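S.K.: Structure for the following, please:
(one chain, ligands or ions: 2)
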Amino acid sequence: MSPTVIGFIRISLLSLFVGVIMGILIAVGVFRNVTNPSLITSAHAHINLLGGVMMLIFGVGYHILPRFSGRPLFSEGIARVQLWLSGAGLIGMFILFFAGGYSSSDFLRYGVAPFGALYGAGAILFVYNMWRTLAGATPAPPPLRPAKK
Ligand code: HEM
Ligand code: HEM
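M.R.: Numbers count the residues shown, from 1 in each chain. Ligands and ions are numbered 1, 2, ... in the order given. Sure thing, here's the model as predicted:
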């Protein structure tokens with residue numbers, strides 16, 4: 001696996017770890033009395049979905065889709081840039097959603113947007129990189145037959 005793929009998968013695993021612990025804490029009512037509990041739920045939802053789910057999809061996608069298509073990844077450099085953009089976007093979104101839960105102004109809630117844009121820019125790079133990789137995909141080889149006895 002490339003270091004970029006490992007980076008995506010590590011961020012996904014850490015996100016899932018934080019996300020499920022947070023889910024349990026929400027369920028037992030730890031954040032019940034914060035100023036804005038729905039933003040705490042948003043922090044939980046997005047660390048699980050954008051972190052746990054999507055970062056695993058990006059990492060596994062970068063590893064396996066080029067192999068399925070019989071072509072090298074279009075650009076390893078673009079994948080590395082996406083790791084930083086989506087990683088920074090995810091962390092920023094999580095911190096601001098979470099901190100927004102404790103704030104009575106909308107300032108932190110809107111602070112999610114620029115970090116969401118970083119994450120989104122990373123996701124668009126993924127789309128471009130994969131599109132270019134799949135564009136030259138070779139036809140699948142015929143399935144192997146078991147040897148005759
Ligand atoms: C141990 C695991 C988990 C626990 C205990 C848990 C618990 C919770 C709780 C208590 C809520 C708030 C419900 C409410 O008051 O409205 C919630 C919301 C949510 N959770 Fe989890 N969760 C867990 C894992 C996950 C995972 C793995 C995902 C996604 C992959 C996820 C996605 C969501 C989403 C999207 C919401 C928001 C739903 C909405 O706004 O209606 N959760 N979760
Ligand atoms: C970078 C992209 C994204 C940004 C900036 C973003 C931002 C937001 C914001 C601001 C809210 C409303 C929070 C509130 O005021 O209560 C929200 C809700 C929600 N988003 Fe996202 N979102 C993004 C991507 C996604 C993706 C990809 C998913 C699913 C895979 C998702 C699932 C949800 C769900 C389930 C809710 C409602 C649950 C909740 O937050 O309580 N979002 N999102």
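S.K.: Contacts only, for Asn129.
M.R.: Tyr62, Leu73, Phe74, Ser75, Ile78, Ala79, Gln82 (C-beta atoms under 8 Å, 6 or more residues apart in numbering). Heads up, the C-betas are built off the backbone N, CA and C, glycines and all.
S.K.: what mean pLDDT does the helix or strand in which the last one is found have?
M.R.: Assigned by DSSP states H and E, Gln82 belongs to helix 76-101. Taken as a whole, helix 76-101 has a mean pLDDT of 98.
S.K.: Same check on stretch 40-48?
M.R.: Mean predicted lDDT for stretch 40-48 stands at 98.
S.K.: so how far is that stretch from its chain's centroid?
M.R.: 13 Å (C-alpha atoms, centre = their mean, to the nearest Å).
S.K.: buried stuff in that stretch?
M.R.: Ile40, Thr41, Ser42, Ala43, His44, His46, Ile47, Asn48 (16 or more other C-beta atoms under 10 Å).
S.K.: low-scoring stretches of this structure, by residue?
M.R.: For the chain, no stretch has pLDDT under 70.
S.K.: How about the residues of it by ligand 1?
M.R.: When proximity is defined by C-beta under 6 Å from any ligand atom, the chain lies next to ligand 1 at 19-20, 23-24, 26-27, 41, 44-45, 48-49, 52-53.
S.K.: Among those, which lie within strands?
M.R.: Of the positions in these, not one sits in strands, assigned by DSSP state E.
S.K.: how close does the residue in the chain that ligand 2 sits nearest to get to Leu50?
M.R.: The minimum distance from the chain to ligand 2, using C-beta to the nearest ligand atom, falls at Gly116 (2.3 Å). Separation of Gly116 from Leu50 (C-beta to C-beta, to the nearest Å) stands at 9 Å.
S.K.: start to end distance for stretch 43-53?
M.R.: 14 Å (C-alpha to C-alpha, to the nearest Å).
S.K.: hmm, who's touching it?
M.R.: Under C-beta under 8 Å, 6+ apart, the answer for stretch 43-53 is 11-16, 18-20, 22-23, 26, 86, 90, 93-94, 97-98, 101, 119.
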